[in-house]
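Kindly generate the corresponding structure for this input.
(one chain, ligands or ions: 1)
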Amino acid sequence: MNPQTFNRFRDIVYDRAGIHLNQNKVALVSSRIGKRMRELGCAKPEDYLKVLSHDAEGEEMVLFLDSITTNLTRFFREEKHFVFLERVVSDWLKAGQKKFRLWSAACSTGEEPYSMGISVCSLLSTDNIDLRILATDLSTDVLRKAQSGVYESSKLAEIPDRTRKRFFRPCPHDPDRFEVRDNLKQIISFRRLNLSLPPFPMQGPMDVIFCRNVMIYFDDEVRAKLVLEAHRLLRNGGYLLVGHSESLTGLKHPFAPVGPAIYQKRV
Ligand SMILES: C[S@@+](CC[C@H](N)C(=O)[O-])C[C@H]1O[C@@H](n2cnc3c(N)ncnc32)[C@H](O)[C@@H]1O
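Got it, this is the predicted structure:
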């Protein structure tokens, strides 16, 4: 791919998703768009650019962004954050709170919001409380997988047997795959949301926002706007958790740091 063509893809990705691709991502972009080019019969990246430019608001743009995003995740990734979540929810329960609103922003294939749900539900019987988890991502591909709640057994290897049995059931026709049980599925709503274009349509207030391992793809301008929007949507005393490699150091923000990659709204 020549540099001019790469720059045009790079600009689309930045404008549409806030994702900053530097010049060493030429090979990545070439390989990621390969499948769509084959499906559409495009011989050259320039042909695919033409398709994209004639479909600026349409389906092809969604599929293009799906192909560019990196969706690596796993259950209970950066486990200490889930221990923290259990602790604060437990404190809030003791203080009499009955309604909880959590958000997994950039939920990928669902492991993060399901892990959040498992952590909180393990503390309590969900009958007496009002618990909802919003799970959003830009990629429609990953949202489909997340919503299906079906995972290969190898992905559940870290989850203790008792927890696995409570929240997953073996798929009837495929013993090597498990499906999230309805008791967990029904507290989670999956939606497509572009984190690079605040303000977001949600009302809030949220108690806890997990926004992890996505800001690494954004530049400071996009990150700063996103962090301010997370602040707006949190209730006073609520928490924002970011990836361990994404500290907000160096960014002007209104949060109080309270732990590794954990920030609290205090007004
Ligand atoms: C590496 S995964 C992180 C998943 C999960 N939060 C975790 O920490 O394991 C990054 C996710 O961010 C999503 N993403 C990238 N750009 C986005 C944007 N502008 N808006 C919303 N989601 C985005 C990708 O589709 C991908 O699923």
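
pLDDT averaged over stretch 232-249 - what is it?
Taken as a whole, stretch 232-249 has an average pLDDT of 95.

how long is that stretch end to end?
One end of stretch 232-249 sits 19 Å from the other (Cα to Cα, to the nearest Å).

Equivalent analysis for stretch 94-112, please.
25 Å.

Quickly check: that stretch near the ligand or not.
Yes. Figure legend: stretch 94-112 in contact with the ligand (Cβ under 6 Å from any ligand atom); contacting residues Ala106, Ser108, Glu112. Where C-beta positions appear, they are placed from N, C-alpha and C, glycine not excepted.

Any quick ChimeraX command for the buried ones out of those residues?
To isolate the buried subset of the residues of stretch 94-112 next to the ligand in ChimeraX, counting by 16 or more other Cβ atoms under 10 Å, use the following:
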select :106,108,112
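
Got the phi and psi for Asn71?
Here the main-chain torsion angles of Asn71 (degrees, to the nearest 10) amount to phi -120, psi 20.

Do you have the helices of the chain handy? List them.
Shown for the chain, the helices assigned by DSSP state H span residues 3-17, 26-40, 45-53, 59-68, 80-94, 111-121, 140-148, 161-167, 182-185, 220-233.

so which of the ones you listed comes closest to Pro198?
With Cβ to Cβ as the criterion, Pro198 lies closest to helix 220-233 of the helices of the chain, at 3.8 Å.

Quick one: distance of the closest one to the chain centre.
Between the mean C-alpha location of helix 220-233 and the chain-wide mean there is a distance of 15 Å, by Cα atoms, centre = their mean, to the nearest Å.

Ok, stretch 83-103 next?
Centroid separation for stretch 83-103 versus its chain: 21 Å, with Cα atoms, centre = their mean.
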